[in-house]
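Colleague: Build me a model from this:
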Amino acid sequence: MSELSFFSGRWRGTGTFFLSASGNPKPIIMEIQNGTGYDGFWSTTHTTERKTAENPDPLTAVYLWGYDPDQGVFVAEWFDSRGGRATQRSLGWDGNRFVFLGTMTSGGSTFTLRDTFVRHDRNSYRHIGEADFGSGWVAVDEEEVRRR
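Modeller: Numbering: from 1, shown residues only. Sure thing, here's the model as predicted:
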């Protein structure tokens with residue numbers, strides 16, 4: 001679990017959600033709160049997008065990250081305010097990259113989901129969310145995130 005300690009604390013992310021309900025990209029500003037819970041076995045992350053004129057229907061979500069010692073992988077579960085849920089796995093940090101790969105169910109469809117976190121320094125990272133709907137990877141969202 002110590003590999004996840006980088007994400008602890010309060011963060012603010014700014015970026016773009018490329019696949020909005022209107023079909024047009026929308027800018028997003030999000031607050032991120034990450035802490036350890038459940039006797040140190042899980043890292044809990046809450047994300048809340050800020051409501052703006054460009055983002056009138058902001059997303060909120062909760063992640064649970066942990067480590068499965070039997071499989072030797074990090075595990076992630078995701079639940080969002082639109083009924084979406086995801087299950088992902090990761091081998092952990094590879095240099096400055098931490099990648100979760102798995103599946104997401106949202107809006108009645110299930111697809112492959114990849115979340116990549118690229119650590120710039122101890123107080124900032126980039127998050128890239130991608131999905132494969134059957135024709136290869138497409139960017140879903142991307143944010144630059146700084147510790148608050």
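
Colleague: A strand includes residue 139, no?
Modeller: Yes. Per DSSP: H, G, I helix; E, B strand; the rest coil, residue 139 lies within a strand segment.

Colleague: Beta-bridge partners for it, please?
Modeller: Bridge pairing for residue 139 (DSSP bridges) gives the partners residue 130.

Colleague: So what's the residue count around it?
Modeller: By other Cβ atoms under 10 Å, the residues close to residue 139 number 14. For the C-beta atoms, the positions are set from N, CA and C on the backbone; glycine is no exception.

Colleague: That one and residue 80, how far apart?
Modeller: 18 Å (Cβ to Cβ, to the nearest Å).

Colleague: Then residue 97?
Modeller: Taken as Cβ to Cβ, the span from residue 97 to residue 80 is 24 Å.

Colleague: and residue 128, which of the three is it?
Modeller: The local conformation at residue 128, judged by three-state DSSP, is strand.

Colleague: Surely it touches residue 99?
Modeller: No. Taking contacts as Cβ atoms under 8 Å, residue 128 lies outside contact range of residue 99: 9.4 Å.

Colleague: List the residues that contact residue 133.
Modeller: 109, 111 (Cβ atoms under 8 Å, 6 or more residues apart in numbering).

Colleague: Try it again at 10 Å.
Modeller: Counting by Cβ atoms under 10 Å, 6 or more residues apart in numbering, residue 133 makes contact with 19, 109, 111-112, 140.

Colleague: In this structure, where is pLDDT below threshold?
Modeller: Along the chain, the parts satisfying pLDDT under 70 run over 20-23.

Colleague: what residue is smack in the middle of it?
Modeller: Geometric centre of the chain, nearest residue: residue 115, 6.0 Å, by Cα atoms, centre = their mean.

Colleague: what helix or strand does that one sit in?
Modeller: Using DSSP states H and E, residue 115 sits in strand 109-121.
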